[in-house]
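1. generate coordinates for the sequence data below:
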Amino acid sequence: MGRHSLPDARRAGSVDPRIRVRRRNTALATALVLTVVGGTAAAVRGGLFSFESSCDDAAVHIEVAASPDIAPALRAVAEDARAKDITSDGRCLDVHVTARESYKVAAALGAGEKSDAQVWVPDSDAWVQRVGDTSAATQVTSLGNVASSPVGVAVVPSAAKTLGWPAKTYTWTELAGEATGNKKLSLGTVDPARSSTGLLALARIGAATSGVKDGDIRAAAMAKTLSRHTSDSDARLLDTLPGDAPDTKKQDTGESGSGRNQAVILSEQAAFAHNSAHDGGRGLDLFYPKDGSPLLDYPYTLVDEPRLSTDQGRAALRFMTLLGEPAPRQFLRTFGFRTDAESPSATLVAEAGGRSPQPYARVLADSVSKGAVQEALGMWTITVERARITTVVDASSSMAEPLPGSDRSRMDVTKESLLQALATFTAEDEIGLWKFSTKLDGDKDYRVLVPTGPLGDARFKTSRRVKLSAAFRSLKPVPHGETGLYDTTLAAYKAAVASYAKGRFNAVVVLTDGVNRDPGSISRADLVSELQKLADPERPVPLIAIAVGPDSDRREVDQIARATGGSGQRVNEPSQIHAAMLKAITAAGAGTPG
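-> Presented below is the predicted three-dimensional model:
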C-alpha cells in the first residue's frame, strides 16, 4: 500500500446515478420484505430483524453460491454472524458460502437444474438476465446489490508510463485501439462467455463504436484481437503478465514476447487483490476509461423462491440486511469491494493502482443494457469460434409490404439488417445466402445466390463479402410468390449438415415474415421429425429461425428450430433482425434455448 499518493475522491467529482442506485436498492429491499416474507408487519412480528444473542431453537441454514471473488468476504461475514449469535426469528443464522463461477451457475439455472443454494450472488446482473432469458429456467429473483467494483484496464508500470498514466486518460475504444494497433502492447481478457469483466468491457466497446462509420467492423476487429489473448479465469489472466524475477530481461519492457500481456481487463477488486498480494513488488497501474467504467454489481438473488420455506426466506433476507450494516460493509471494503460505487475509499483506489486524474468515480451503473450484452456475446461467439452460417431469406410477395409509418418495405429493412450483420464477420468466417418463395428454380422453392464459404477467399478475384453485399442489395420480393418455408428449411439444413466444418460455429439462419403457404410441401410434423433425425449433438448445427413482423408465428418457427437445438425469435420490425440473430447465436453458443 502507499505506492501512489492517495486520490481525492471529492475532486474527481461524482454524478447523480449514485442516487438512482441507492433508491433502486432500497426499493428492491422493500419489495422483498413485502413479497418474499409475507409483509413488513409480519416480518417485524416474527422477529425477522431480531438481534437477540441467544438461539431459542436449532439454527436456520442457508446455502449461498457466490462469485469466487466475493465469496471470501461473504464467508467472513457469515462466520462473524455465527460468532455473534446473530439470529433470524430467534434462530441462529447459519450461512454457508460456496465459491461458484457465475457463468456455470447461470448455465445450470438456465437449463432448469435445481440448486442446493437458496441464495446466489453472481458478480453481475448480466448473468441473472441470461437465466431469465430461457423459458425452462429455474426462477431467480434479484433483490438488490451487496457491493460493486468498476472494470478497468490494469497495466504493468512501464507500459502505463508509455501510455502516459496517470495524467493521460483514454476511452475504451482508445485503449483497445492501442492494443489493436501496437504490437508492443498486448491486451488480455478473461473469456467474455465466462467473465463479467470481459463481457462488460466488450459490450462497452461495442456501445462506443455504435453509430460510428465502420463501427461494427472496428468492434469485430477489436474482439478478434482480444480473442488471441484470452484466458479462462482471472488467475490465469494475471499469470500472462510479466513476472517479478529480476533476471528476466523482457519482464517489464512493454514487449509482447513469449505470449505475455502488458495490459489486462480487470476489475478494481481483482487489481486490489493482486497488488495487495505483492507487497514490496511492482504492482499494476489501473486505467479508468474516461467514458466510464461498467460495474460489477453483485446482485443478491433468491433461487427458486417459491420452494423456500418461510424460515429460509426470512433468513435469506436477514443475511442481506446484515450485509448492509457497518461491520459487514467494512469486511467488504477490506477485501477490495466498494460499498458506495462513486465514493470509494481512497486507500482502496490507490491499492488497486488508481491515481488522480484517472476518473475512478465515473461509473456506469446502468449503462450496459441487456441488448448490448446479448450483442456482445453474439459477436464474441462468432468471432472466437469463427462462423459458418447459411442465411436463408424469405422473398415472398408479402416482403414488399411497407412498414407501418414508413415508406420502406419489409425487404428494404431486412437487407439493411443483413448488411449490418455482414460487417461484423471477419474474412475467415464462412457465410452464404439462399432466397426462397415458391418454385424459384423449377419445382424448388429456393435458389442458392452465394454458396457458403470464406468471406475473404483469395481464390476469387471478387471476394465473397463483395458478392454477398451485392446479393443482399439485389434481393427483391417475388411478385405473387408464396412462402415455401418447410421444403426450403429442410434443404438448407441438409446442406449445412453435409458441409459441417469442425471447429466453427455452424448454423442456418432463416428469416421469414409468414407461415408456410406451399400446399405441396412437407408437413410441419414431418419437417420437425426429419430435422431431429439430422441433428447431431457431436456436430451441432442449430437452426436460428426469425419470424419478422407482428403477423408472423413465433411458435411455429420456434418449434421447428428447437428440433435442431436452435431457437425461434420474433421481431416486430426488420430493423431488430441483427440483435435477434446475435441473441440466438449467443443462446446456441451457450447450449441453451433462447
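2. buried ones in stretch 344-351?
-> Across stretch 344-351, burial judged by 16 or more other C-beta atoms under 10 Å covers 344-346, 348-351. Heads up, the C-betas are built off the backbone N, CA and C, glycines and all.
3. A strand includes residue 134, no?
-> No - Residue 134: not assigned to a strand; according to DSSP: H, G, I helix; E, B strand; the rest coil it is coil.
4. how much space between the nearest residue to it once chain neighbours are set aside and residue 274?
-> The shortest distance from residue 134 to any non-neighbouring residue, by C-beta to C-beta, 6 or more residues apart in numbering, is to residue 110 (4.3 Å). According to C-beta to C-beta, to the nearest Å, residue 110 stands 31 Å off from residue 274.
5. wait, the residue nearest to residue 134 touches residue 139, no?
-> No - counting by C-beta atoms under 8 Å, residue 110 sits too far from residue 139 to count as a contact (11.5 Å).
6. these two: who's more crowded?
-> The residue with more neighbours, out of residue 110 and residue 139, is residue 110; 24 against 14, by other C-beta atoms under 10 Å.
7. look up how far residue 304 lies from that one.
-> Note on residue 110: its distance to residue 304, by C-beta to C-beta, is 13 Å.
8. got it, and residue 363?
-> Following C-beta to C-beta, the distance that separates residue 363 from residue 304 is 31 Å.
9. cool, and residue 352?
-> Look at residue 352 and residue 304: by C-beta to C-beta, they are 36 Å apart.
10. residue 363 and residue 304 - which one has more neighbours?
-> Higher neighbour count among residue 363 and residue 304: residue 363, with 28 against 15, using other C-beta under 10 Å.
11. for the more buried one, give me phi and psi.
-> For residue 363, the backbone dihedrals (degrees, to the nearest 10) come out as phi -110, psi 160.
12. show the model's pLDDT score for it.
-> With respect to pLDDT, residue 363 scores 92.
13. I'd say it and residue 296 touch.
-> No - under the criterion of C-beta under 8 Å, residue 363 is not in contact with residue 296, lying 10.3 Å apart.
14. please enumerate the shared neighbours of the two.
-> Counting by C-beta atoms under 8 Å, 6 or more residues apart in numbering, the shared contacts of residue 363 and residue 296 are 148, 150.
15. name the next helix or strand downstream of the helix or strand hosting residue 526, please.
-> According to DSSP states H and E, residue 526 maps onto helix 524-534. Next helix or strand after helix 524-534 toward the C-terminus (DSSP H and E): strand 543-548.
16. just checking: what are the partner strands of that following strand?
-> Using DSSP bridges, the strands paired with strand 543-548 are strand 505-512 (parallel), strand 567-571 (parallel).
17. among these, which is the most enclosed?
-> The highest mean neighbour count among the strands paired with strand 543-548, using mean count of other C-beta atoms under 10 Å, belongs to strand 505-512: a mean of 26.
18. which residues sit against stretch 397-416?
-> With contacts defined as C-beta under 8 Å, 6+ apart, stretch 397-416 is touched by 393, 395, 437, 472-473, 475-483, 511, 513-514, 548-549, 573-575, 577.
19. can you tell me which of those are in strands?
-> Among the contacts of stretch 397-416, the members falling in strands are 393, 437, 511, 548 (criterion: DSSP state E).
20. pretty sure residue 76 contacts residue 331?
-> Yes - shown here, residue 76 and residue 331 form a contact pair, counting by C-beta under 8 Å, at 5.0 Å.
21. who's more crowded, these two?
-> The neighbour count for residue 76 versus residue 331, taken as other C-beta under 10 Å, is higher for residue 331 (20 against 16).
22. which ones are touching that one?
-> 73, 76-77, 80.
23. how much space between the closest residue in space to residue 528 that isn't next to it in sequence and residue 533?
-> Spatial nearest neighbour of residue 528, excluding adjacent residues (C-beta to C-beta, 6+ apart): residue 563 at 4.7 Å. Look at residue 563 and residue 533: by C-beta to C-beta, they are 9 Å apart.
24. what about residue 385, neighbour count?
-> For residue 385, the count of nearby residues is 16 (other C-beta under 10 Å).
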